[in-house]
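Visitor: sequence and predicted structure are below.
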Amino acid sequence: MKSYRKELWFEVPARRGFINITPQVNQCLTESGVKEGLVLVNAMHITASVFINDDEPGLHQDYEKWLEHLAPHEPVSKYRHNLTGEDNADAHMKRQVMGREVVVAITASRLDFGPWEQIFYGEFDGRRRKRVLVKIIGE
Amino acid sequence: MKSYRKELWFEVPARRGFINITPQVNQCLTESGVKEGLVLVNAMHITASVFINDDEPGLHQDYEKWLEHLAPHEPVSKYRHNLTGEDNADAHMKRQVMGREVVVAITASRLDFGPWEQIFYGEFDGRRRKRVLVKIIGE
Amino acid sequence: MKSYRKELWFEVPARRGFINITPQVNQCLTESGVKEGLVLVNAMHITASVFINDDEPGLHQDYEKWLEHLAPHEPVSKYRHNLTGEDNADAHMKRQVMGREVVVAITASRLDFGPWEQIFYGEFDGRRRKRVLVKIIGE
């Protein structure tokens, strides 16, 4: 069994944003030499997500609006977590809706994807450097 | 390490619906010959889910109503994604709540499940043929 | 390939609650002897979650309030599932928001975590003994 590990670093300049990280994950897969297996891609921070969906800017605006409706950033004082001095409690909620991680099949040395699947880093508390873990196991 | 791959095809006649796919996943497991490992089951489309819950029709009606409350289909014009000519932006939201994939342990050649766990395909933009990927790795 | 399996049992005395199970998962990892691989940790019950987030009591109170807003327990009669004699339909919803499972990378015999990642059992229909499955594969 082969294993491979890499950290990807991102700094989103706004509080929230989505980055298509499929090219970087494909690069990891090439480096790993794994032909058949699984790749785990997860946010290493608890106010961010890794998820799979469509690379369509209108949809990303819809997600932004929808998540803000489900878990509003303000008023900051409505969240007990923010009594610790943070202002990111909403980011912990948004991350649960969008998920921490994805597991993707590797078949014949490629990400085994449907037609529109792309991997995104979802930032909900940005403006600082944060990490995504790529772990690959297989043969 | 063994690996196994199969695509399962579904066509839900309505816009939305849930299908218990546990029998098909069990069939894949038998075909794979894997005794100890993991099975990944994921929607290959970004407006559908694979999730694990109870096979109880009342619960499925509750999910339908609840998801429609969290991310209404209408008015279609409220979503920017639908400016692309689609009318399925809500399906992209519903799929995030219910999830893209499940990973299930394989122990002694069986899905290692609790008493009520069943695997479902959740369709949120049906009336066309769509796929689920089953990928098994192990020994 | 090595594989390891253990069930962890919990009984939350209230209807809902969160338990940090990271120490138990670390113990499983030590017992497994796996140095490189993946660990799957999943609720074996469909009214409970396993998720990764922050071990901060204020945040957990925020989750409790937020989940109750998204999927209220009462009125119990609003859910068709509860016509079966259950009163836990809301728990099936809350579990979908928080997720069934996490998959964590194992690197150099350790859970490959970011700075604040901790694994939680999320109970949404407690007051009885329920299980979490830990499955480890790797080398």
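Guide: Thanks, I have it.
Visitor: show me how far the helix or strand where residue A:18 lies is from its chain's centre.
Guide: Residue A:18 belongs to strand A:17-20 when assigned by DSSP states H and E. With CA atoms, centre = their mean, to the nearest Å as the basis, strand A:17-20 stands 8 Å off its chain's centre.
Visitor: over to stretch A:77-88?
Guide: Stretch A:77-88 has its C-alpha centroid displaced from the chain centroid by 23 Å (CA atoms, centre = their mean).
Visitor: list the buried residues for it?
Guide: A:79, A:80, A:81, A:82, A:86, A:87, A:88 (16 or more other CB atoms under 10 Å in any protein chain shown). (Each C-beta comes from the backbone N, C-alpha and C, glycine too.)
Visitor: and these near chain C, which?
Guide: Residues of those in contact with chain C (CB under 8 Å from any CB of the partner chain): A:79, A:80, A:81, A:82.
Visitor: gap between the third one and residue A:122?
Guide: Distance of residue A:81 to residue A:122, given as CB to CB, to the nearest Å: 19 Å.
Visitor: likewise the last one?
Guide: Distance, residue A:82 to residue A:122, by CB to CB: 20 Å.
Visitor: ok, now which ones touch the spatially closest residue to residue A:126 that is not a sequence neighbour?
Guide: With sequence-adjacent residues excluded and distances taken as CB to CB, 6 or more residues apart in numbering or on different chains, residue A:126 is closest to residue A:12, at 3.4 Å. Contact analysis of residue A:12 by CB atoms under 8 Å, 6 or more residues apart in numbering or on different chains lists A:19, A:123, A:126, A:127, A:130.
Visitor: what two of those are the furthest from one another?
Guide: Greatest spacing in the contacts of residue A:12, by CB to CB: A:19 and A:127 (14.0 Å).
Visitor: the two: which is more packed in?
Guide: Between residue A:19 and residue A:127, residue A:19 has the larger neighbour count (other CB atoms under 10 Å in any protein chain shown), namely 15 against 11.
Visitor: so what's that one up against?
Guide: By CB under 8 Å, 6+ apart, residue A:19 lies in contact with A:10, A:12, A:120, A:121, A:123.
Visitor: repeat for residue A:129
Guide: For residue A:129, the contacting residues are A:9, A:10, A:11, by CB under 8 Å, 6+ apart.
Visitor: nearest to chain B: which residue in chain A?
Guide: Residue of chain A nearest chain B, by CB to the nearest CB: residue A:114 (2.9 Å).
Visitor: what number of residues lie near that residue?
Guide: 17.
Visitor: relative to residue A:39, how far out is the spatially most central residue of chain A?
Guide: By CA atoms, centre = their mean, chain A has its centre lying nearest to residue A:50, at 1.9 Å. To residue A:39, residue A:50 is 11 Å away according to CB to CB.
Visitor: next, the angle from the helix of greatest length in chain A to helix B:57-70.
Guide: In chain A, taking DSSP state H as the definition, the longest helix is helix A:57-70. For helix A:57-70 against helix B:57-70, the angle by axes from the mean of the first three to the mean of the last three CA atoms, to 10 degrees is 100 degrees.
Visitor: so for the helix or strand following helix A:57-70, mean pLDDT?
Guide: For helix A:57-70, the succeeding helix or strand toward the C-terminus, using DSSP H and E, is helix A:89-98. Mean per-residue pLDDT for helix A:89-98: 98.
Visitor: so which elements touch helix A:89-98?
Guide: If contacts are counted by 3 or more CB pairs under 8 Å, 6 or more residues apart in numbering or on different chains; DSSP states H and E, helix A:89-98 sits against strand A:48-53, helix A:57-70, strand A:118-123, helix B:89-98, strand C:48-53, helix C:57-70, helix C:89-98.
Visitor: tell me which of the ones you listed lies nearest to residue C:134.
Guide: strand C:48-53 (9.6 Å).
Visitor: kindly export the closest one (C-alpha atoms) in CSV.
Guide: Provided in CSV are the C-alpha atoms of strand C:48-53 (Å, rounded to 0.1, in the frame of the first residue of the first chain):
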residue,chain,number,x,y,z
ALA,C,48,-26.7,10.7,16.2
SER,C,49,-23.7,12.2,14.5
VAL,C,50,-19.9,12.0,14.5
PHE,C,51,-18.3,15.3,13.5
ILE,C,52,-15.1,17.3,13.9
ASN,C,53,-15.2,20.8,15.4
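Visitor: so is that strand next to chain A?
Guide: Yes - on the criterion CB under 8 Å from any CB, strand C:48-53 is in touch with chain A at C:51, C:52, C:53.
Visitor: run the chain-centre distance for stretch A:28-41.
Guide: Centre to centre, stretch against its chain (CA atoms, centre = their mean), the figure for stretch A:28-41 is 18 Å.
Visitor: would residue A:136 count as being in a helix?
Guide: No - assignment of residue A:136 by DSSP: H, G, I helix; E, B strand; the rest coil gives strand, placing it outside any helix.
Visitor: can you check the pLDDT for it?
Guide: 98.
Visitor: get me the contact residues on chain A for chain B.
Guide: A:1, A:36-38, A:51-54, A:56-59, A:61-63, A:66, A:70, A:97-99, A:102-105, A:107, A:112-117, A:137-139.
Visitor: what about 6 Å?
Guide: Residues of chain A found near chain B, taking CB under 6 Å from any CB of the partner chain as the criterion, are A:1, A:36, A:52-54, A:58-59, A:61-62, A:66, A:98, A:103, A:105, A:107, A:114, A:116, A:139.
Visitor: quickly note the distance from the residue of chain A found nearest chain C to residue A:91.
Guide: Nearest residue of chain A to chain C (CB to the nearest CB) works out as residue A:44 at 2.9 Å. According to CB to CB, residue A:44 and residue A:91 sit 14 Å apart.
Visitor: show me the contacts for residue A:139.
Guide: Going by CB atoms under 6 Å, 6 or more residues apart in numbering or on different chains, residue A:139 touches A:36, B:1.
Visitor: before I go, just wanted to say thanks for your time.
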